[in-house]
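Trainee: The sequence isn't on hand, but the structure is:
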């Protein structure tokens, strides 16, 4: 049975429960900062070797991984081939893949992105992708081909609502009738779920809500109670795991939290041990820090 | 001398004057609709053969070409390699390349996109790209690495303001102080230009403003008088060339107009002649239709 017969939200939250982790490890390969032990002569091989070594290190502690497509794209078609290899390796390890591509376009072009990044073609990148980040600026109709891959293809989406960067509010904070735009996106996401709510109680159209703006995160949670939240911004970006309590429900579900550099570059600050162990230890620590946040959110905790 | 020593806006509008065309031909290769004469056995070779044949057909009548990255990405790394080949072939023919990727991300990720798609690495995709479309949803700070490639790298940008799809207004029409968001983006674009105004009187940070909403297009033109406009939506999307008069200045500069399917699939409706001739004829006709629009905009015309 294809894993895509189970809705994405159920696949994700089953793994969250099974390994008791809400940590998503972002795979942003900064090739110039790779451990010295890795041969960087050929960027494609280096990207694959580093990517797979990170996967092996974090698998016990990550509920999903989030490869950032830009860091592969910048190496051209060879980088793209490395991305395909790393995503396939994640699937082999049972790790759901959230591809961070933030795509957004209209009509037939959105269709081409959906086919390429969430398609079923055997051996294609889409076959290794469980969920995709998308940008809502072009409107609901621009999201339709992606949403079709949720309802028909068992995939997930994370639609940008409130991003974690300082300037994120510049255009995201203004919307119709005085409501901020990020809340309007959150409000609309309820209709994008359609009837596709998983056994876990969540739909598979999620939202991105940065940890760096905890009040806005809480309002997004309130406005879109059925949307899984992908929460970036802890670690290198300065968000504190304690700030994200509101993202979780009483069972500690409903959200997953991304850390990229804080985990995958941990060896830069921890030179006492082999680099993969440093990455693994950072993943373990980050998982635990996130657990503190959701535990404190439970009633009576 | 590298072509990038001349600002993008000057390169673009010099070519507009030289061949008296404001037509940008969008290269959206729908492989399943390729002419029967083309062998589709190997998608990569087919994409390159079709792309180059289209370039050869439209070069006399196109001021630039706009490859749509999604249609290449959907074929994985081989599609990406085909994209690199087609962009390099456009440069060889003297055609400015506007890469339609609508990228948008933050911090180091935006930097990776800017390096990959607008970078100088010899043989890399970026070396064949004159300008890039970007999505502003993540705010001005997310655009900084791209703007740096304008000021330091001689490249151009087209920032999405008002897209041509029916639902584009859903999130783009609401902004601060009751101003629509697309006008806020237009207003901000004036500061993104910095001091980098070309001899043509325009900066190299342009805006996307759909032909399908002529009043909004006119307001964007008014709000951002120094921004080159990229106007999609004529042809297959239903916009009428007569509606876009407001985009042009008195000399018929300031805007370029995209047509994709209307040109590159023209052979589907014109089976009397070889397919490349049908494409060329459609490019000529579309160029002329656009000329009518800007001529009617001239005072006293």
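Mentor: Ah, there it is. The structure displayed is predicted, hence computed values, not measured ones.

Trainee: any idea which helix or strand carries residue A:283?
Mentor: Here residue A:283, judged by DSSP states H and E, is contained in helix A:275-297.

Trainee: next one: residue A:105
Mentor: Short version: residue A:105 belongs to no helix or strand, going by DSSP H and E.

Trainee: quick one, phi psi at the nearest residue to it once chain neighbours are set aside?
Mentor: Sequence neighbours aside, residue B:102 is the residue nearest to residue A:105 in space, at 5.6 Å (criterion: C-beta to C-beta, 6 or more residues apart in numbering or on different chains). (C-beta placed from N, C-alpha, C; glycine too.) According to degrees, to the nearest 10, the main-chain angles of residue B:102 amount to phi 50, psi 40.

Trainee: what's the answer for the one 5 residues further on, then?
Mentor: Listed backbone geometry of residue B:107 is phi 50, psi -130, with angles given as degrees, to the nearest 10.

Trainee: My read is that it contacts residue A:165, right?
Mentor: Yes: using C-beta atoms under 8 Å, residue B:107 is in contact with residue A:165, at 6.4 Å.

Trainee: So those two - more neighbours on which side?
Mentor: For residue B:107 versus residue A:165, neighbours defined as other C-beta atoms under 10 Å in any protein chain shown are more numerous around residue A:165 (24 against 18).

Trainee: if I look at the more buried one, how far off is residue B:138?
Mentor: 6 Å (C-beta to C-beta, to the nearest Å).

Trainee: what residues are shared contacts of residue B:107 and residue A:165?
Mentor: A:237, B:142 (C-beta atoms under 8 Å, 6 or more residues apart in numbering or on different chains).

Trainee: Now do the residue nearest to residue A:37 when sequence neighbours are not counted: how many residues are near it, please.
Mentor: With sequence-adjacent residues excluded and distances taken as C-beta to C-beta, 6+ apart, residue A:37 is closest to residue A:275, at 6.6 Å. Using other C-beta under 10 Å, residue A:275 has 23 neighbouring residues.

Trainee: for residue A:275, what are its contacts?
Mentor: A:35, A:37, A:267.

Trainee: can you put these in CSV and add neighbour count, secondary structure and pLDDT?
Mentor: Below are the contacts of residue A:275 laid out as CSV (neighbours: other C-beta atoms under 10 Å in any protein chain shown; DSSP: H, G, I helix; E, B strand; the rest coil; pLDDT from 0 to 100):
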residue, neighbour count, secondary structure, pLDDT
A:35, 17, coil, 96
A:37, 11, coil, 93
A:267, 23, helix, 97
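
Trainee: pLDDT wise, what is the residue in the stretch 151-300 of chain A that chain B sits nearest to at?
Mentor: Across the stretch 151-300 of chain A, no residue is closer to chain B than residue A:167, which sits at 3.4 Å (C-beta to the nearest C-beta). Listed pLDDT for residue A:167 reads 90.

Trainee: Contact partners for it?
Mentor: B:138, B:139, B:140, B:141, B:142.

Trainee: who in the stretch 151-300 of chain A is up against chain B?
Mentor: Taking C-beta under 8 Å from any C-beta of the partner chain as the contact definition, the stretch 151-300 of chain A meets chain B at A:160, A:163-176, A:181, A:184-185, A:188, A:237.

Trainee: and those residues, which of them are in strands?
Mentor: Of the positions in these, residue A:160 sit in strands, assigned by DSSP state E.

Trainee: Mind checking which of the residues of the stretch 151-300 of chain A next to chain B are in helices?
Mentor: A:169, A:170, A:171, A:172, A:181, A:184, A:185, A:188 (DSSP state H).

Trainee: Of these, which is the nearest to residue B:152?
Mentor: Residue B:152 lies nearest to residue A:170 out of these, by C-beta to C-beta, at 23.2 Å.

Trainee: count of residues packed around the closest residue to the closest one other than its chain neighbours?
Mentor: Sequence neighbours aside, residue B:139 is the residue nearest to residue A:170 in space, at 3.9 Å (criterion: C-beta to C-beta, 6+ apart). Neighbour count for residue B:139, taken as other C-beta under 10 Å: 21.

Trainee: go on, the one 4 residues further on?
Mentor: Neighbouring residues of residue B:143 were enumerated by other C-beta under 10 Å; the total is 24.

Trainee: check contacts around it.
Mentor: Counted by C-beta under 8 Å, 6+ apart, residue B:143 has contacts B:104, B:110, B:134, B:136, B:157, B:159, B:192.

Trainee: my guess is the first one meets residue B:140, correct?
Mentor: No: here residue B:104 does not reach residue B:140: they are 11.4 Å apart, not a contact under C-beta under 8 Å.

Trainee: Would you mind measuring from residue A:217 to residue A:49?
Mentor: Where residue A:49 is concerned, residue A:217 sits at a distance of 36 Å (C-beta to C-beta).

Trainee: Oh, that last question was meant for residue A:144, not what I typed.
Mentor: Distance from residue A:144 to residue A:49, by C-beta to C-beta: 39 Å.

Trainee: the more surrounded of these two?
Mentor: More neighbours surround residue A:49 than the other of residue A:144 and residue A:49, with 19 against 16 (other C-beta under 10 Å).

Trainee: Can you check the pLDDT for that one?
Mentor: 98.

Trainee: Does it fall in a helix, a strand, or a coil region?
Mentor: helix (DSSP: H, G, I helix; E, B strand; the rest coil).

Trainee: Does it touch residue A:38 like I think?
Mentor: Yes: under the criterion of C-beta under 8 Å, residue A:49 makes contact with residue A:38 at 5.8 Å.

Trainee: Phi first, then psi, for the nearest residue to residue A:197 once chain neighbours are set aside.
Mentor: Of all residues not flanking residue A:197 in the chain, residue A:203 sits nearest, at 5.2 Å (C-beta to C-beta, 6+ apart). Taking degrees, to the nearest 10, you get phi -80, psi -180 for the backbone angles of residue A:203.

Trainee: likewise residue A:153?
Mentor: Dihedral angles (degrees, to the nearest 10) for residue A:153: phi -120, psi 0.

Trainee: Might you report the residue contacts of it?
Mentor: For residue A:153, the contacting residues are A:4, A:118, A:119, A:120, by C-beta under 8 Å, 6+ apart.
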